[in-house]
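Visitor: pasting the structure only:
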């Protein structure tokens, strides 16, 4: 009887806690570009662990606040985004934060960076460059 109560208590706890898992259904570079409010390239110059300012639950410092250097803008002026935010864990769709790394970001107004779709990946660079050329956002070299 006590094992049943313990098992029910455990199951109740597991169902009542919020869990996250990252699952990607990758859209094309063009679709992600069109969906983003801002598209820009920037170097990550600093990052710190913070509590997510937009969290719907108590997350106790499970977010990185990302500080960026000068930006190369491709879509809209992103200067209103003082910082970007990403979950610390890749299991929660956070991106790996490396100081000194330069990325092309595709983000919404909230400044959230997700593992699935917020960055132009290395294997997508050629498609991204072609998109910029096709839309006359850069000059041919």
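Guide: Everything's here; your move. Note that the structure is a prediction, hence the values are computed from the model and not measured.
Visitor: residue 124 belongs to a helix, doesn't it?
Guide: Yes. Secondary structure of residue 124 (DSSP: H, G, I helix; E, B strand; the rest coil): part of a helix.
Visitor: so what's it up against?
Guide: residue 29 (Cβ atoms under 8 Å, 6 or more residues apart in numbering). Placement of C-beta: from N, CA and C, glycine included.
Visitor: if I look at it, how far off is residue 139?
Guide: 21 Å (Cβ to Cβ, to the nearest Å).
Visitor: grab the nearest non-local neighbour of the most centrally placed residue in the chain.
Guide: Centroid check for the chain by Cα atoms, centre = their mean gives residue 113 as the closest residue, at 1.6 Å. Sequence neighbours aside, residue 86 is the residue nearest to residue 113 in space, at 4.2 Å (criterion: Cβ to Cβ, 6 or more residues apart in numbering).
Visitor: identify the bridge partners of that neighbour.
Guide: Bridge pairing for residue 86 (DSSP bridges) gives the partners residue 64.
Visitor: ranges for the strands of this structure?
Guide: In the chain, the strands defined using DSSP state E lie at 38-50, 63-75, 84-87, 102-107.
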